[in-house]
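Student: The following block contains a protein sequence and its predicted model.
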Amino acid sequence: MNKLILGLPKGSLQESTFLLMQKAGFKVSTGSRSYFPRVDDPEIEARLIRAQEISRYTERGMLDAGITGYDWIVENGSDVHEVSELIYAKQGLRPVRWVVAVPADSPIRSVKDLEGKRIATEAVGLTRRYLKQHGIKAEVEFSWGATEVKAPELVDAIVELTETGSSLQANNLRIVETVLESTTRFIANKKAWKDSWKRRKIEQIALLLAGALAAETKVLIKMNALRGNIGKVTGVLPALHAPTINNLSDEDWVAIESVVDEKTVREIMPRLKAAGAQGIIEISLNKVIP
């Protein structure tokens, strides 16, 4: 049987990735050998690896495909095929940022003020390239963790990953500038991408992952309405496509359903009711494939 070796991110992205995989139709579980998570698809062999390393192992062919951040692809300079962008992170459906942060009372106000300063970060390559782009010479050291607590006693500034900024604020740090905005990427080894079976499998996974992400912000709205009110009811619906209308056993009534943005439901439900809709129900979705 053909096998696809798939790298899944260990650490901050692990839980959200496992949930996304489940919504996409792949149940992932870890046992005592956590490096080898089980996937309920016999054609997939998963490896649980730090996101920082996935692009390197994918480029070298140890993984056929993997899920990692764009930041680590850039940091490692990995030559891989980017299959798709998956906009999700540890806490939500949004990009993350690598930022220059300093103590709140620091005189550093811009990248120019970093000249001759000491900076701690896990993303040494990203930071050095950023400084070089701005013509700044500074000392950049690798941080093994707890980077937020190192300024100002150990370093003048840090370059750290943030999603909401709350951790930086909690450590009395102020964001100076953004070094890189990053999103999660589904990547493939270039040789694996040229293999017809592996490419089909990768594309299948990518399609289902994209569908699962799209469903995160969508719901299905179903309702009944008198035939004479179809125009008024459908006029309220901001449909993904035209609403589906089905006849009911009572010729005077129809069933209407549509996929809509979840954030609009609280606004349109009262309007649907006023337009003559009855028996309105909201249903969560696992996947939306355009």
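Tutor: Nice, I can see it.
Student: quick one: contacts of the lowest-mean-pLDDT helix or strand in the chain?
Tutor: When the helices and strands of the chain are scored by mean pLDDT, DSSP states H and E, helix 166-170 comes last with a mean of 86. With contact meaning CB atoms under 8 Å, 6 or more residues apart in numbering, helix 166-170 is reached by 99, 101, 148, 160, 162, 174-175. Quick note: C-beta positions are derived from backbone N, CA and C, even for glycine.
Student: what do you get for stretch 189-203?
Tutor: Contact with stretch 189-203 is made by 2, 4, 43-44, 58-61, 63-65, 79-81, 83, 186, 188, as judged by CB under 8 Å, 6+ apart.
Student: one step back: which member of the contacts of helix 166-170 is positioned nearest Lys263?
Tutor: Comparing the contacts of helix 166-170 against Lys263 with CB to CB places Thr162 closest, at 24.1 Å.
Student: Am I right that the closest one is in contact with Arg97?
Tutor: Yes. Thr162 lies in contact with Arg97 (CB atoms under 8 Å); the separation is 5.6 Å.
Student: State the mean pLDDT of the helix or strand hosting Val102.
Tutor: Element membership for Val102 (DSSP states H and E) is strand 96-103. Averaging pLDDT along strand 96-103 gives 94.
Student: Can you get me the centre-to-centre distance for it and its chain?
Tutor: Relative to its chain's centre, strand 96-103 lies at 20 Å (CA atoms, centre = their mean, to the nearest Å).
Student: Name the strands paired with it and say parallel or antiparallel.
Tutor: strand 157-162 (antiparallel), strand 173-182 (antiparallel) (DSSP bridges).
Student: Go through those strands and pick out the most buried.
Tutor: Of all the strands paired with strand 96-103, strand 157-162 has the most neighbours on average by mean count of other CB atoms under 10 Å, namely a mean of 24.
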